[in-house]
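Asker: Curious how this folds, go ahead:
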Amino acid sequence: MAPDPFLQPAQFLRHLYEVAVTRALPLHNTAAFLPAPPKGRTLVLGAGKAAGAMAQAVEALWPADAALSGLVVTRYEHIPPRPAGLAQRIEVVEAAHPVPDAAGVAATQRIVDLTRGLTEDDLVLCLISGGGSALLSLPAEGLRLQDKQRISKELLHSGATITEMNCVRKHLSAVKGGRLALACAPARVLTLAISDVPGDDPSVIASGPTVPDASTCADALSILQRFGIALPALVSAALASGVLETPKTGDPAFDRSQVHLIATPGQSLQAAAQAARQAGLSAWILSDEMEGESREVGKVHAALARFVANQGEPFQRPCVILSGGETTVTVRAQPPGVARGRGGRAGEFCLGLALALQGQPNVWALAADTDGIDGTEDNAGAQVEPSTLRRALAAGMKAEDFLERNDGYGYFCALGDLVRTGPTFTNVNDFRALLVL
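Answerer: Okay, here's the model as predicted:
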């Protein structure tokens, strides 16, 4: 039974988050998209934070008497517990996220090697989810892993959108941006994807390893130049000349390639909205593709919540206001001797929200990443209550100071208001819920 939103507002918001995550779990969403076994063999390849759970779902649903093998790579500590009696037919290995490491490169090379010798009678099931851009990592010719790691870190701190980051990643990769589909030809390729990107564009999810890419080398070079991110001279020249261009629509490699989105942010938000309505509240979804600086998005949500609480417009209370998407955090340089803060998009959103709410009565909020990890920390996100700023000030903490050093984790950890779930084994990106009573 769901917690009573009037008596247990914080617990009720946590319940809505759990409903959203459950809606996106692979085992609940895979069966409808699996084809019949092919005449030849079935090879499963994949990458992402949900790749281990997606592989288990395929193993559970694939006919026991039909051949099945393959390899997927997921983030460290993201292999789900194996159900009793479920035979492992797909190998799952771990690597680093969000910055790639040597284990990811080795796993990706093995994935590419497995595509050799495929025929028209074979089927490749490609399991793709958020995080795959870092986990499926094979640097383009002339690019060292160390270079790619540095570029990844600088992009992550720059405030670039996920579309911008993945445009760069595609063009600096030997496997993303449709190149995995080239390696699989002439086999049939069926990609099952869990979307973690605004707009659910398959070419952006995990940098689209099996779909055509509309972006160009010139686009990638422009993004890198705009954010002041340096490239090795040979790689910069290769981008400028178009040598690193990705395959486009019309390439014969995509003639036998299909993509199905098995879970999306919008579906999870709809599930949470339905749960709120079942509890007697009205529920409104602002968008499933919000972008922008996390702190600024927090301010906008706060302004809306205050208007609802004080004026009853544009929504009547009691209500729940939901949103999703992928915001960004621009990591600010700190003075010498001042440590950079810890935290991710959700914590930064909650700091901006709390400051703008200024203790507004009858407004509670939760923001968390549906993969269970906010940035690189051990929390999924945080919660905001009417008492948040007051309790922090009583403990000698000013939210403005923590926001200045991007330290949402430190602020909400000290208050005991972090949301900790551990890995959820899925990923449909940001989840935000505001409860106005």
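Asker: so where's this structure shaky on pLDDT?
Answerer: 337-339 (pLDDT under 70).
Asker: what domains does the record give for it?
Answerer: According to automatic domain parsing, the chain comprises the domains 9-22+265-436, 26-138+173-212+247-263.
Asker: and the first one, how far apart are its ends?
Answerer: By that I understand domain 9-22+265-436. 9 Å (C-alpha to C-alpha, to the nearest Å).
Asker: now the strands: where do they sit in this structure?
Answerer: Secondary structure of the chain (DSSP state E): strands at 42-47, 69-75, 91-95, 123-128, 188-194, 257-263, 282-285, 319-325, 363-369, 381-384, 418-419, 430-436.
Asker: In the sheet, which strands lie alongside the shortest one, parallel or antiparallel?
Answerer: Just to be clear, that refers to strand 418-419. Using DSSP bridges, strand 418-419 pairs in its sheet with strand 381-384 (antiparallel).
Asker: Repeat that for the first one.
Answerer: Strands flanking strand 42-47 in the sheet, each with its direction: strand 69-75 (parallel), strand 123-128 (parallel) (DSSP bridges).
Asker: same check, this time on the last one
Answerer: Take DSSP bridges as the rule and strand 430-436 pairs in its sheet with strand 319-325 (antiparallel), strand 363-369 (antiparallel).
Asker: related to what we said a few turns ago, of all the strands of the chain, which one is nearest D113?
Answerer: Closest approach to D113 among the strands of the chain (C-beta to C-beta): strand 69-75, 9.4 Å. Quick note: C-beta positions are derived from backbone N, CA and C, even for glycine.
Asker: T246 contacts G178, correct?
Answerer: Yes - at 5.6 Å, T246 counts as touching G178 under the criterion of C-beta atoms under 8 Å.
Asker: related to what we said a few turns ago, most tightly packed of the strands paired with strand 430-436?
Answerer: strand 363-369 (a mean of 28; mean count of other C-beta atoms under 10 Å).
Asker: which other residues reach that one?
Answerer: 9-10, 13-14, 16-17, 298, 301, 305-306, 309, 344-347, 349-350, 353, 357, 374, 380-386, 419, 421, 427, 429-437 (C-beta atoms under 8 Å, 6 or more residues apart in numbering).
Asker: what about the strands of the chain, which gets the closest to N29?
Answerer: Nearest to N29, of all the strands of the chain, is strand 257-263, at 4.2 Å by C-beta to C-beta.
Asker: Need the contact partners of the closest one.
Answerer: Applying C-beta under 8 Å, 6+ apart, the contact partners of strand 257-263 are 23-26, 29-30, 32-33, 181, 188-195, 200, 202, 210-211, 426, 428.
Asker: make it 6 Å
Answerer: Around strand 257-263, the neighbours that count as contacts under C-beta atoms under 6 Å, 6 or more residues apart in numbering are 24, 29-30, 33, 181, 189-195, 200, 202, 210-211, 428.
Asker: same check, this time on stretch 117-133
Answerer: The set of residues external to stretch 117-133 that reach it, using C-beta under 6 Å, 6+ apart, is 38-51, 54, 72, 75, 97, 166, 169, 184, 186-194, 196, 205-207, 210, 427.
Asker: Stretch 94-111 too?
Answerer: 45, 71, 73, 75-76, 93, 131, 134-138, 145, 149, 152-153, 156, 175.
Asker: quick revisit: please dump the strands of the chain into JSON lines; it should also carry distance to G292 for every row.
Answerer: Shown next, in JSON lines, are those (distance: least, C-beta to C-beta, whole Å):
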{"stretch": "strand 42-47", "distance to G292": "27"}
{"stretch": "strand 69-75", "distance to G292": "26"}
{"stretch": "strand 91-95", "distance to G292": "30"}
{"stretch": "strand 123-128", "distance to G292": "25"}
{"stretch": "strand 188-194", "distance to G292": "23"}
{"stretch": "strand 257-263", "distance to G292": "24"}
{"stretch": "strand 282-285", "distance to G292": "17"}
{"stretch": "strand 319-325", "distance to G292": "9"}
{"stretch": "strand 363-369", "distance to G292": "14"}
{"stretch": "strand 381-384", "distance to G292": "17"}
{"stretch": "strand 418-419", "distance to G292": "22"}
{"stretch": "strand 430-436", "distance to G292": "11"}
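Asker: Just to check, S294 is in contact with T327?
Answerer: Yes - counting by C-beta atoms under 6 Å, S294 touches T327, with 4.1 Å between them.
Asker: who touches both of those two?
Answerer: R345.
Asker: before we move on, back to that, quick one: closest of the strands paired with strand 42-47 to L114.
Answerer: Nearest to L114, of the strands paired with strand 42-47 and by C-beta to C-beta, is strand 69-75 at 6.2 Å.
Asker: Report the angle between that closest one and strand 91-95.
Answerer: 20 degrees (axes from the mean of the first three to the mean of the last three C-alpha atoms, to 10 degrees).
Asker: All further residue positions should be reported with the first residue as 49.
Answerer: Shifting the count to begin at 49 puts that one at strand 117-123.
Asker: residues in contact with strand 117-123?
Answerer: 91-95, 97, 99-100, 103, 138-141, 143, 145, 155, 158-159, 175, 179, 183.
Asker: Correct me if wrong: L186 contacts V223.
Answerer: Yes - L186 lies in contact with V223 (C-beta under 6 Å); the separation is 4.5 Å.
Asker: got the contact list for stretch 49-69?
Answerer: So stretch 49-69 is contacted by 316, 319-320, 323, 327, 412, 414, 416, 418, 431, 472, 479, 481, 483 (C-beta under 6 Å, 6+ apart).
Asker: could I get those residues as a markdown table with distance to D52?
Answerer: A markdown table is the format used below for those (distance: C-beta to C-beta, whole Å):
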| residue | distance to D52 |
| --- | --- |
| S316 | 23 |
| A319 | 20 |
| A320 | 17 |
| A323 | 13 |
| A327 | 8 |
| W412 | 13 |
| L414 | 16 |
| A416 | 21 |
| T418 | 24 |
| Q431 | 17 |
| T472 | 25 |
| F479 | 21 |
| A481 | 16 |
| L483 | 12 |
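Asker: Out of the residues you listed, grab the one that's most surrounded.
Answerer: A416 (33 neighbours; other C-beta atoms under 10 Å).
Asker: Pairing partners for L370 in the sheet, please.
Answerer: I333, A481.
Asker: My guess is it contacts I333. True?
Answerer: Yes - contact criterion C-beta under 6 Å: L370 and I333 qualify, at 4.8 Å.
Asker: tell me, what's touching these two both at once?
Answerer: Shared contacts of L370 and I333, counting by C-beta under 6 Å, 6+ apart, come down to 317, 321.
Asker: Dump the domains of the chain into TSV; add distance to V283 as well.
Answerer: Below are the domains of the chain laid out as TSV (distance: least, C-beta to C-beta, whole Å):
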stretch	distance to V283
domain 57-70+313-484	24
domain 74-186+221-260+295-311	12
